[in-house]
Each structure stands twice: as structure tokens, then as C-alpha cells.
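Participant: Below is the structure, and that's it, no one-letter string:
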């Protein structure tokens, strides 16, 4: 945990990791707070928008019961269990029970189709899954292709209490189980989660994380939320808890610190509803992905009852426009952070410690050694574009890709984990995002990252969101093509396309303006809200 005061240089210089030999996420985020005092853990907004409160004592009781159910059904140390649920109490209970049982949990997105679920469950060899009635219909359709899947626990469904075909009512099962359970002794390096990457190229890979990964996340979470926890902190995110950004950037760190979390089953992000939720429940801390911020900016939302202390964001570079909007709307600087599924929360901003620079992912979080490297893992001088690399060992770093040693080896170069993201570090230590290595555009001898152009484009009054890709060009090797989503009230036209091209040309450089502009209703996104540029390139 970061000390509550001091400057950034002191924090970097004096930081020491404290990772014990034995450590269990489930005990840390639940049992150690269950002291009989009624310490609030969760405010759950159900489908009727009623607020149901859960204490850590209740979560311990329920997770103990589910852990006993898992043991009675033959689940043992190292077995994998899928968690296919939205933000809900049962999601947290399932993960806690899995950790205390020394199982490996697999967060799964509710909007995954049958093919996506089949790949992840088959690849992981999951022996159990917990889901609801909607998820059960998808699992039933692929069940005969998942020979390892023995138990399906169903939340909220009216099932006959027979356990036929391994389909079990979650509520009936835990009601019968004992609330006494002795957690397994797990080492900090023992596996705890498999989180599958977005899979923008080829099949997704399962990043295997140990229990220590939560401890590795804590400094970055604390920095991005300006020394979380502070008195009165209450955190919410619209990010799904199947994504590392929702689960280990919000839920688990908050519970580690005993900070209550707001959970909601929202089917689709609604800017007005988000503002109302934050005001009604006096939310103090939020993690808002860039997509959510852009939708809120588009809707011009405001609410006099919103009193936030911190806003954190990550997943895509924000840029000056969104930072300015955040300051104007909330009176706060959005603290952008950076990481990826395999090694998360290694760069961050904290506006109280140092000025936030537009386009910057922040500075290295205390405890993490982040450099700009070449393809062989050699460090590059400041100001030179290269790949973001994180030196190993690092507590937040994954153990490897599940059953894919070759891909794991390719992820590293020498002492560094290769992120695949291009950036440069300025003379003050800020990391400036350029783009994904495979998104880099080579045009007229220039190497161009899409991020700066996209940030420029959304400053245009007609544009909601934009994505930039390179397309083949016989003279320049590649030409820049921009895919544009317009604000309501604007109509696509050749004149508007020309205006947009000129808008970028005069603000950036002659070689960076989009020679091709295409208007579209929506951009293809991964489940975590990142633009799938590969799909845009395939459209020509």
C-alpha cells in the first residue's frame, strides 16, 4: 500500500513490495473484514433498481457455503470454474469461494456467443460453471462438446432440485451447505484466475494469474484514485466484472481495502442513468472506460448531485478533448492508467502528485520498472519510439498463457515483458502512447500511430468517435483512412469529409491527415470497448 503522503519521486525511491509466501485473494478481500461489525461490502441494484446491501460477514457466510458445495461435488485444487454472470453478489461470492478452495476461476462475459464460450471452456478444461438462466441456454447448446464440464450452477432460475445432468440450483445448493469452511493454504504464486485476452488477432489466449496479482495491482489502483482508501470512499464502474478492468482494477482492490462497491446489472451503458446512479448513491470513486466517457461527452450529461472524489480510466488513450470535458463536467482531472491483461496497472496518473499531460498514459507506478525497448529487449533512449516493456519479475505479471508455452516465450524479450504497445518516454518520465505495434501506419516514409490523429478528430464539433487505420497505397505504402461516427444532427457528405481532412491537416502535419474518410453508424469494439482496427482494415 502506498503511504498517504509524499511526492512522486519519494514514492518511487522508497517503495518496497510486501508479498508473503502464503496469500489467498479470497481471504484477503472477504474473510479478514468479516469481523462481526457489519462492515458494508456491496450495494447491489437489482433489476427493479432496489438497493440490497451485503456485508463482509454475509459474503463470508455465502462463499463458505458455496465452497462446501464445490468440495462436495468433487471440485479440487487447481480445477477450473467459469463465472458467467453480470455484476451481482453471486459473481463476487463465486470468485471468493473458488479462491478459498484453491480453484482457478475464469471470468466470462455475459454477451459472449456460444462459439466464444465453447472455446474458453474447452481450452481451460473447466469442470464447473456458475451462470444464470440466460447463460444456461447458451451452455446447454454446447454442453455435448464440453466433456470436462460436470457441474452447472444456475442463479435465480426455478429449477427442479434434482441435479439431473449436473445442472444445480445455486440457491438450493448453498441453503443446504454448511457455513463453516477452512480455506486452502495457497502460496502467492499459486494460480488463481484465467483471464482471456480480447482476441483481436486469432483465438484469445488465457492469461494465467496467481494470487499475488491482486497485490501487484494495488499501487496502481491507489495512485489512480489518489491514495485510495479515504474516508467515505464508495466505488462504482460500468465495466463488466468479466474484464480485468472491472474485476481487478475495481472490485477486488476495493474489497482488499474494505471499500464498499456499487453493483448494477445495466444491460447497456446509459449516460443519464450513470449520472443518476452516482448522485443517488453518493459514489465517490469511479472507473469509467474511454467508451463510457465519450458517450457521456456526446450526451452532454450533468447532474448537480454528483460529488466524485476520483475518476480513473484506462484501455484507450484519452487525449486533450476528453480530459478537458472531464474537468469541466466533474471539476476533476481524469487519471488515466495503463496496463494489459497479462501485466496490468503499471503506469498511472495522479493529478495531485504531478500534472497530467494530454496523450500521456502517466508515469511508472511505484514498484514497477517500465521502459521503452526495441524488439530484442534493449532499452531505448528517452524520446525514441519503441515498445513498452515491463521488467520481470513483477508481482502483477501473469504466470503465462494457459497451455501455450510458445506464446508465453514470445511475450518476453530478455528481462522484459513485451506489451506490443508503442510509445516514447519524454524527458520528465511521462509515457506517451503512439499505438499498437500492429496498428502502426507506414506512409511516405513516416511511422504514424493512430492515437494522435484520433484524438485530433474528436475535437471536431461533428465527431463523436473516430478510428484510424492504414490502407494499401501504391505510392505511399499506406494511406490513412478514418472511420467516423457523427454526432446527432450532422449528415455525412463529401463537403464534411473534406472539412474533416483539412481540420487534421492544419492541426497535425501534412503526412498525418486522413486521405480517406468513411462515415459509419458504429465502430467494431472488443468486449472491453477497444476498437478492432483489424476488422476496419479488412473492410478496405
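Facilitator: That came through, no problem. Just so it is clear, the structure is predicted and the values come from calculations on it, not from any experiment.

Participant: Verify the contact between residue 247 and residue 241 for me.
Facilitator: Yes. Assessed by Cβ atoms under 8 Å, residue 247 is found in contact with residue 241 at 4.9 Å. Heads up, the C-betas are built off the backbone N, CA and C, glycines and all.

Participant: Determine the longest helix present in the chain.
Facilitator: The residue-count maximum for a helix in the chain (DSSP state H) belongs to helix 56-72.

Participant: which parts of it are buried?
Facilitator: For helix 56-72, a neighbour-count test (16 or more other Cβ atoms under 10 Å) marks 56-71 as buried.

Participant: Please identify which of the residues you listed is nearest to residue 83.
Facilitator: Nearest to residue 83, judged by Cβ to Cβ, of the buried residues of helix 56-72 is residue 66 at 11.3 Å.

Participant: where does that closest one land on pLDDT?
Facilitator: Per-residue pLDDT puts residue 66 at 98.

Participant: re earlier: among the buried residues of helix 56-72, which one sits closest to residue 356?
Facilitator: The nearest member of these to residue 356, counting by Cβ to Cβ, is residue 56 at 34.2 Å.

Participant: residue contacts, residue 114?
Facilitator: Going by Cβ atoms under 8 Å, 6 or more residues apart in numbering, residue 114 touches 138, 141, 142.

Participant: Residue ranges in the stretch 51-200 of the chain under the pLDDT threshold?
Facilitator: Along the stretch 51-200 of the chain, the model assigns pLDDT under 70 to residues 160-164, 198-200.

Participant: please redo it, this time with the cut-off set to 90
Facilitator: 109-116, 119, 156-165, 197-200 (pLDDT under 90).

Participant: ditto for the stretch 301-450 of the chain
Facilitator: Counting by pLDDT under 90, the stretch 301-450 of the chain contains low-confidence residues at 314-322, 358-359, 421, 433-450.

Participant: all helices for it, in order.
Facilitator: Using DSSP state H, counting those that start in this stretch, the helices found in the stretch 301-450 of the chain span residues 319-330, 405-410, 450-457.

Participant: thought residue 467 was touching residue 455?
Facilitator: No. Counting by Cβ under 8 Å, residue 467 does not reach residue 455; the two are 11.8 Å apart.

Participant: Quick check: neighbours shared by these two?
Facilitator: By Cβ under 8 Å, 6+ apart, no residue touches both residue 467 and residue 455.

Participant: And those two? Which one has more around it.
Facilitator: residue 467 (24 against 21; other Cβ atoms under 10 Å).

Participant: Let me know the helix or strand that that one is in.
Facilitator: If you go by DSSP states H and E, residue 467 is part of strand 463-473.

Participant: SS state for residue 233?
Facilitator: Under DSSP: H, G, I helix; E, B strand; the rest coil, the three-state class of residue 233 is coil.

Participant: Got the phi and psi for it?
Facilitator: Main-chain torsions, residue 233, degrees, to the nearest 10: phi -60, psi 140.

Participant: and what of the one 5 residues further on?
Facilitator: Here is the backbone geometry of residue 238 (degrees, to the nearest 10): phi -80, psi -10.

Participant: Contact partners for it?
Facilitator: If you count contacts by Cβ under 8 Å, 6+ apart, residue 238 has them with 264, 266, 269, 274, 288, 289, 292.

Participant: Hmm, the first one is touching residue 47, no?
Facilitator: No. The pair formed by residue 264 and residue 47 falls short of the contact definition of Cβ under 8 Å, at 9.8 Å.

Participant: Mind checking which of those two has more residues around it?
Facilitator: Applying other Cβ under 10 Å to residue 264 and residue 47 shows that residue 264 carries more neighbours, namely 21 against 9.

Participant: Quick check: bridge partners of the more buried one?
Facilitator: Applying DSSP bridges to residue 264 yields these beta-bridge partners: residue 45.

Participant: now it: how far from residue 46?
Facilitator: Applying Cβ to Cβ, to the nearest Å, the value for residue 264 to residue 46 is 9 Å.

Participant: Just put the helices of the stretch 301-450 of the chain in CSV and tack on distance to residue 225.
Facilitator: Output for those, formatted as CSV (distance: least, Cβ to Cβ, whole Å):
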stretch, distance to residue 225
helix 319-330, 14
helix 405-410, 31
helix 450-457, 24
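
Participant: most tightly surrounded among the ones you listed?
Facilitator: Comparing these on average neighbours per residue, with mean count of other Cβ atoms under 10 Å, the densest one is helix 450-457 at a mean of 24.

Participant: mind giving me the domain ranges of the protein?
Facilitator: 20-211, 440-538 (automatic domain parsing).

Participant: can you put these in a markdown table and add distance to residue 424?
Facilitator: Output for these, formatted as a markdown table (distance: least, Cβ to Cβ, whole Å):
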| stretch | distance to residue 424 |
| --- | --- |
| domain 20-211 | 23 |
| domain 440-538 | 10 |
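
Participant: Which of those sits closest to residue 404?
Facilitator: Set against residue 404 and scored by Cβ to Cβ, the domains of the chain come closest in domain 20-211, at 6.0 Å.
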